[in-house]
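In: sequence and predicted structure are below.
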Amino acid sequence: MRKIFIADAHLRNPQDRNYRALVRFLDTLPADTDTLYLLGDIFEFWIGNPRPVYGHYGEIVDCLKRVRARGVRIVYFEGNHDFHLGGFFRNELQAEVYAGGAELEIDGKKVCLCHGDQVNRADHRYRAWRFLLRSPLVKALVPVFPRRLADRIAVRLSLRSSRQHVSRKSRWDYRSILSRFARERFVAGCDLIVTGHFHLPMEVREGERVFIALGDWITDYSYAQWTEQGITLERFD
């Protein structure tokens, strides 16, 4: 059976090229796909369980419902642009939702899956900001915020995050950070590590052990697929 891994689509507008491409990709998943792993930041901004769902995300949600109706299991690892998702995605898509990374046993292998926003331990400012946004207080406040105000805050936070991503990329060597993370997880006994967040497609292999950074669905259109032949980093054209 086939397993698909995607991260960092940062969907905004249904007319955008990456939005159209992701809908097309998901609607044409191979028939032997049994699990779809979404490793965070699929949406440019989604916090909580909006009612009704954000209008510009209606089409991709319907697409995910079609995927689920085919019997494909959906597993969502929250990112730094989409979190506190449990209620909506569990109820509407019967998805499994993880607030952080996890180590799972899949097909007899120890697999580490995460969005990756906690991989860079030197980014103390972001880690403090993440702690605040993921707090029970913020989770409790989200449902009572007026929708219009919440949307304005969402736009501002999204722009802030995009600007900081550019500065972080120039400040830190992402390849070195990811290589170190891969070695640490290999030493801890993981057979496979898959992460997103860095918008950098990357693959490290040490014997039977594999590390994959997924890249993004904005410029790379990259994803990973796991079949009986092993896991590979692919590109959707």
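Out: Noted; the coordinates are in hand.

In: list the contacts of stretch 65-73.
Out: Residues outside stretch 65-73 that contact it (Cβ atoms under 8 Å, 6 or more residues apart in numbering): 26-27, 29, 33-36, 74, 92-96. For glycine as for every other residue, the C-beta is placed from the backbone atoms N, C-alpha and C.

In: restricted to strands, list those.
Out: Among the contacts of stretch 65-73, the members found in strands (DSSP state E) are Thr33, Asp34, Thr35, Leu36, Ile74, Glu96.

In: count of residues packed around the second one?
Out: Think Asp34. Burial of Asp34, expressed as a neighbour count using other Cβ atoms under 10 Å, amounts to 13.

In: surely it touches Lys3?
Out: Yes - in this structure Asp34 lies within contact range of Lys3 using Cβ atoms under 8 Å: 6.6 Å.

In: still on that earlier bit, which of the ones in strands among the contacts of stretch 65-73 sits closest to Val210?
Out: The closest of the ones in strands among the contacts of stretch 65-73 to Val210 turns out to be Thr35 (Cβ to Cβ; 17.0 Å).

In: from what I can see that closest one touches Ile4, true?
Out: Yes - under the criterion of Cβ under 8 Å, Thr35 makes contact with Ile4 at 7.3 Å.

In: which one of those two has more residues nearby?
Out: More neighbours surround Ile4 than the other of Thr35 and Ile4, with 21 against 16 (other Cβ under 10 Å).

In: quick check, Arg68 in a strand?
Out: No - secondary structure of Arg68 (DSSP: H, G, I helix; E, B strand; the rest coil): helix, not part of a strand.

In: if we can go back for a sec, specify which member of the ones in strands among the contacts of stretch 65-73 is nearest to Ala9.
Out: Of all the ones in strands among the contacts of stretch 65-73, Leu36 has the smallest distance to Ala9: 12.6 Å, by Cβ to Cβ.

In: now what about stretch 5-17, what contacts it?
Out: With Cβ under 8 Å, 6+ apart, stretch 5-17 has contacts from 18-20, 22, 36-44, 56-57, 59-60, 79, 81, 113, 115-116, 194-197, 199, 212, 214-218, 223-226.

In: span of it from start to end?
Out: Using Cα to Cα, to the nearest Å, the span of stretch 5-17 from its first residue to its last is 20 Å.
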